[in-house]
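Chemist: sequence first, predicted model second:
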Amino acid sequence: MGLGQRRNLVPSIKEPEACRALSGWNEVVEGWGHRLPGNPADLWPWLVAQPQDVLLDLLAVLAAANLNAVVGRHETGRERIAQADLMAEAVGLDMGLWWTPEEAFLSRLSKADIAGVMREAACPEEAARWNAPRNPKASCRPRRNSMARVGSPQRCGSGSS
């Protein structure tokens, strides 16, 4: 697994202060910053004195800090993303609990991009709606709701959009 992929996500997020996942992550990192010794010479003795559950929690944070699951627009390599997906599955990560597609996110995507995601998520009816001509005064809420279902256990086709 390729480590050292850590990157600052703030430039990738249109409204970072409104991102629950980023806020949650920053709280975790800050919490560990307060728990770890400030002097590097004290780190090893501190680690040796910790119970296994604390060490495993720290290992999980360090592994997460070095996973980069951000897919660039023109990225072709899939190995890094496949590794991140395996890790997410192993720990039962459900991004639907942390993120929903809001207007700031959707404004960065073309209708064709959104329709492609919907097709990839096995939601052809929703994809067709994203490709259909639309009334410019219509609300984007139904479409946001259809995107939110892509990551939900019910997937598409459940409920109304």
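Modeler: Great, that's in hand.
Chemist: I'd like to know which elements the helix or strand where D57 lies is packed against.
Modeler: Remark: D57 resides in helix 52-65, with elements defined by DSSP states H and E. Using 3 or more Cβ pairs under 8 Å, 6 or more residues apart in numbering; DSSP states H and E as the contact criterion, the elements in contact with helix 52-65 are helix 20-35, helix 79-91. Every C-beta, even on glycine, is put in place using the N, C-alpha and C of the backbone.
Chemist: now mean pLDDT and mean neighbour count too, for these, in JSON lines please.
Modeler: As requested, these are arranged in JSON lines below (pLDDT from 0 to 100; neighbours: other Cβ atoms under 10 Å):
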{"stretch": "helix 20-35", "mean pLDDT": "89", "mean neighbour count": "12"}
{"stretch": "helix 79-91", "mean pLDDT": "85", "mean neighbour count": "13"}
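Chemist: nearest to V71, out of these?
Modeler: Proximity of the helices and strands packed on helix 52-65 to V71 was assessed by Cβ to Cβ; the nearest stretch is helix 79-91, lying at 6.0 Å.
Chemist: so what does that closest one touch, helix or strand wise?
Modeler: Secondary-structure packing of helix 79-91 (3+ Cβ pairs under 8 Å, 6+ apart): helix 52-65.
Chemist: pull out the buried residues from the helix it packs on.
Modeler: Within helix 52-65, the residues scored as buried using 16 or more other Cβ atoms under 10 Å are A64.
Chemist: can you list the residues that contact it?
Modeler: Helix 52-65 is contacted by residues R6, W25, V28, V29, W32, L47, Q50, M87, V91 when judged by Cβ atoms under 8 Å, 6 or more residues apart in numbering.
Chemist: ok, so of the residues you listed, who is nearest E75?
Modeler: When the contacts of helix 52-65 are compared for distance to E75 (Cβ to Cβ), R6 wins out at 17.0 Å.
Chemist: need phi/psi at the spatially most central residue of the chain.
Modeler: Here the mean C-alpha position of the chain is nearest to the C-alpha of M95 (Cα atoms, centre = their mean), at a distance of 5.7 Å. In terms of degrees, to the nearest 10, the main-chain angles of M95 are phi -60, psi -20.
Chemist: surely it and R20 touch.
Modeler: No. Counting by Cβ atoms under 8 Å, M95 stays clear of R20, with 10.6 Å between them.
Chemist: please report how far the residue nearest to the centre of the chain lies from V71.
Modeler: Here M95 is placed at a distance of 13 Å from V71 (Cβ to Cβ, to the nearest Å).
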